[in-house]
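Participant: Got a predicted model here, sequence first, then my questions.
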Amino acid sequence: MADLKDLLQSADWKTEKHVPVIECPAKIKKGGILDINVSVGSSIAHPNTTEHHIKSIDLYFLAAGEKFPYHLARFEFIAHGESTQGPNTSTIFSEPKASASFKTEKSGTIMAASYCNIHGIWKSEKEIEVE
């Protein structure tokens, strides 16, 4: 039986189109709001077709010294060119880009997981320091 952690794939987002890109400041003031942008395909475009697309991105925050992460947000992308006329016949395609905000008084790690309907789950992380 496979272990979930063994199914999570990672790579440098600059060379791999499936890796979620986390954009946010590396430092924030204690109690301040952290604004996060997350996307897939910012350096290398990911296909966005009925047959091959990003279905979702999940954001988590693991505060320093804590055992379990907080699930901050889940973004689902559900329009992929499908229609009653067949695959890729619509002109509506969701783009895998989203924004979220949260407050924290602890430093920690932002984690993102994207799900490609063909290539599985991809992860990335970014350290955040609270001053």
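Facilitator: Cool, the structure landed.
Participant: Please make it C-alpha for all contacts and neighbour counts, starting now.
Facilitator: Noted.
Participant: Which helix or which strand is home to K55?
Facilitator: In this structure, K55 sits in strand 54-63 according to DSSP states H and E.
Participant: Tell me which strands that strand pairs with, and in which orientation.
Facilitator: The sheet places strand 54-63 alongside strand 70-76 (antiparallel), strand 108-116 (antiparallel), with pairing taken from DSSP bridges.
Participant: of these, which approaches K5 most closely?
Facilitator: strand 108-116 (11.8 Å; Cα to Cα).
Participant: Check the average confidence over the following helix or strand past the closest one, would you?
Facilitator: Per DSSP H and E, the first helix or strand lying C-terminal to strand 108-116 is strand 120-130. The average pLDDT within strand 120-130 is 95.
Participant: what inclination does strand 120-130 have with respect to strand 108-116?
Facilitator: 160 degrees (axes from the mean of the first three to the mean of the last three Cα atoms, to 10 degrees).
Participant: which secondary structure elements does strand 120-130 contact?
Facilitator: Counting contacts by 3 or more Cα pairs under 8 Å, 6 or more residues apart in numbering; DSSP states H and E, strand 120-130 is packed against strand 20-23, strand 27-28, strand 108-116.
Participant: Mind checking those for the one nearest to E125?
Facilitator: E125 lies closest to strand 108-116 among the helices and strands packed on strand 120-130, at 4.4 Å (Cα to Cα).
Participant: What lies in contact with the closest one?
Facilitator: Residues outside strand 108-116 that contact it (Cα atoms under 8 Å, 6 or more residues apart in numbering): 18-22, 38, 40, 52-64, 121-129.
Participant: Of these, keep whichever come out buried.
Facilitator: Listed as buried from these are 18-22, 38, 40, 53-63, 121-129; burial here means 16 or more other Cα atoms under 10 Å.
Participant: one step back: got the helices and strands packed on strand 120-130 as TSV, with distance to K97 columns?
Facilitator: Formatted as TSV, those follow (distance: least, Cα to Cα, whole Å):
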stretch	distance to K97
strand 20-23	9
strand 27-28	22
strand 108-116	11
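Participant: what about the ones you listed, which gets the closest to A45?
Facilitator: Comparing the helices and strands packed on strand 120-130 by Cα to Cα, strand 20-23 comes nearest, at 11.7 Å.
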